[in-house]
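> Next comes the sequence, and after it the predicted model I'd like to discuss.
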Amino acid sequence: MKQRRILVAVGGGIAAYKIPELVRAFRRVGHEVRCVLTESAAHFVSPLSLQTVSGQPVRSQLFDAVEEGSIDHIALADWAELVVVAPATANLMARLAHGLADDLVSTLALATRAPLLLAPAMNVHMWEHPATQANLSLLRERGAQQVGPGTGDLACGYEGEGRMAEPAEIAARSEILLGRRDLAGVRVLVTAGGTREPVDAVRFLGNRSSGKMGFEVAREVVVRGGEAVLVSASSALPTPEGTRRVDVVTALEMREAVLEELPDCQVVVMAAAVADFRPASPSATKLRKEDLPEEAGLRLDLVRTPDILAEICREKTGRVVVGFAAESHDVLASAQRKLARKGCDLIVANDISESSSGFDVDRNTVSFVWPDSPVEELPPLSKQEVAAQLLDRVSKLLDHRR
Ligand SMILES: Cc1cc2nc3c(=O)[nH]c(=O)nc-3n(C[C@H](O)[C@H](O)[C@H](O)COP(=O)(O)O)c2cc1C
């Protein structure tokens, strides 16, 4: 894949502490990154951190003979294939909108011909201020792209719009602007979330899966130019941009949706946590303890649900099929057994024994278990990084089969 040159311009907002993570995301997929900071930004993130993660000298001053001597600001503006301004402060957007060139970042933004991606972040009142909105409109009219901001708790203590888009989202939008497309023409079916098996009209048997892992895989597929069909079981997460989403609840509904979508998909990634058992005869009405004899317990009869992964693997016909195995103990051995039993191309073994990785958190500790090559054990990574690593492998498998 072609390595691209990205200039990350960091503004003086609290979200600047997330920028090393953004730089790492760019570098992980092979891009060359250079960072420049406004003077204010250096209060929020250390130039040394950015230099370390980018592997390149960092610039913040326009009038610095040493910095200007290493790479002059016009050469830097020409070097960039994409300029990402993150966090884009209210002040920085005002300067860029009005063509000011009174520091290194604003001068570079004016001098470059590269597309500009803004990731605004600020207090909700600053964000909603007509001055900020007018500046942003001006920048958008001139072709600047925007990612975020999101809504939620803000560092200033307010709640509302103004949170910088997550680094993964900024990286994803950047890839689209750079046109990276190693999965172009490939349709990927991704399952995510946890199924719910009704016990009665209000209760269900469920599991702790949030859907984050599968949603990250779907997002990454789109970033790489593929088509993602996301069969999602009971996940409250927003649909990743460009993804077609099919919502299901039970394992039986999941099977039906998967089998319907399957014929047009060249890759299947089964990241959902699908129930192995379901209540044999759920009650259509709510079960009430008053209806049972005093002190009586309740016995539920469970029956097996269909094994969707095994069913898909029986008729793979050249399709790449990836399964997930969430295990609390004996992780690798049981993943290897699952791989042999189901016959898929790869099992992502997922260690859920650590509370900081696995269900409903942003990190995951996984190993790739292959039928005929040694196990690859990955360090704890963000789910976006796991998704990217996984799709690197899928992309290679597809290349071999072509
Ligand atoms: C603790 C603190 C946090 C701040 N966070 C933000 C922010 O998230 N967004 C923003 O637009 N300004 C924020 N500001 C204000 C900017 O730092 C200020 O407007 C500064 O002039 C921006 O400079 P720059 O745009 O050149 O980076 C913050 C200021 C302080 C003291």
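That came through, no problem. Numbers count the residues shown, from 1 in each chain.
> Regarding residue 137, which helix or strand does it belong to?
Counting by DSSP states H and E, the element that carries residue 137 is helix 130-141.
> before we move on, what about residue 171?
Using DSSP H and E, the element containing residue 171 is helix 167-178.
> Let me see the mean pLDDT of that helix.
Helix 167-178 carries an average pLDDT of 86.
> From the chain's centroid, how far away is that helix?
Put simply, helix 167-178 sits 10 Å off its chain's centre (C-alpha atoms, centre = their mean, to the nearest Å).
> What about the closest residue to the ligand within the stretch 201-350 of the chain, how many residues nearby?
Scanning the stretch 201-350 of the chain for the residue nearest the ligand gives residue 238, at 22.4 Å (criterion: C-beta to the nearest ligand atom). From N, CA and C alone the C-beta is placed, and that goes for glycine too. Neighbourhood size, residue 238 [other C-beta atoms under 10 Å]: 9.
> Can you give me the pLDDT of it?
Residue-level pLDDT assigned to residue 238 equals 88.
> Contacts only, for residue 150.
By C-beta atoms under 8 Å, 6 or more residues apart in numbering, the contact set of residue 150 is 161, 163, 164, 165, 166.
> so what's the last one up against?
Translated: residue 166. 18, 150.
> Please apply the same query to the first one.
Contacts here follow C-beta under 8 Å, 6+ apart; on that basis residue 161 touches 124, 127, 128, 149, 150, 151.
> host element of it?
Going by DSSP H and E, residue 161 is in strand 159-163.
> Next one: that strand, is it in contact with the ligand?
No. If you take C-beta under 6 Å from any ligand atom as the test, strand 159-163 misses the ligand, and the best it gets is 7.4 Å.
> Go ahead and measure how far that strand is from the middle of the chain.
Per C-alpha atoms, centre = their mean, the centroid offset for strand 159-163 relative to its chain is 20 Å.
> How far away from the center of its chain is the next helix-or-strand element following the helix holding residue 137?
Counting by DSSP H and E, the next helix or strand C-terminal to helix 130-141 is strand 145-146. Mean-position distance between strand 145-146 and its chain equals 18 Å (C-alpha atoms, centre = their mean).
> Convert the C-alpha atoms of the helix or strand that comes right after strand 145-146 to CSV, please.
As assigned by DSSP H and E, the chain's next helix or strand after strand 145-146 is strand 150-153. Output in CSV follows, covering the C-alpha atoms of strand 150-153 (Å, rounded to 0.1, in the frame of the first residue of the first chain):
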residue,chain,number,x,y,z
GLY,A,150,-19.1,14.7,18.8
THR,A,151,-21.5,15.2,21.7
GLY,A,152,-20.8,14.2,25.2
ASP,A,153,-19.0,15.2,28.4
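> Strand 150-153 and the ligand, are they touching?
No. Where contact is defined by C-beta under 6 Å from any ligand atom, no part of strand 150-153 touches the ligand; the two come within 13.0 Å at best.
> Can you list the strands that that strand pairs with?
Next to strand 150-153 in the sheet, as set by DSSP bridges, lie strand 159-163 (antiparallel).
> Next up, the contacts around residue 113.
Counting by C-beta under 8 Å, 6+ apart, residue 113 makes contact with 77, 78.
> Do me a favour and get the backbone dihedrals for residue 48.
Per-residue torsions, residue 48: phi -70, psi -40 (degrees, to the nearest 10).
> Return the residues in contact with the closest residue to it other than its chain neighbours.
Using C-beta to C-beta, 6 or more residues apart in numbering and skipping the chain neighbours, the partner closest in space to residue 48 is residue 58 (8.0 Å). Going by C-beta under 8 Å, 6+ apart, residue 58 touches 34, 35, 36, 37, 47, 48, 50, 51.
> near the ligand too, which of these?
Okay, of the contacts of residue 58, nothing touches the ligand (C-beta under 6 Å from any ligand atom).
> would you turn these into TSV with pLDDT, secondary structure and neighbour count?
Formatted as TSV, those follow (pLDDT from 0 to 100; DSSP: H, G, I helix; E, B strand; the rest coil; neighbours: other C-beta atoms under 10 Å):
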residue	pLDDT	secondary structure	neighbour count
34	97	strand	22
35	98	strand	27
36	97	strand	28
37	97	strand	27
47	96	helix	17
48	96	helix	9
50	97	helix	27
51	97	helix	16
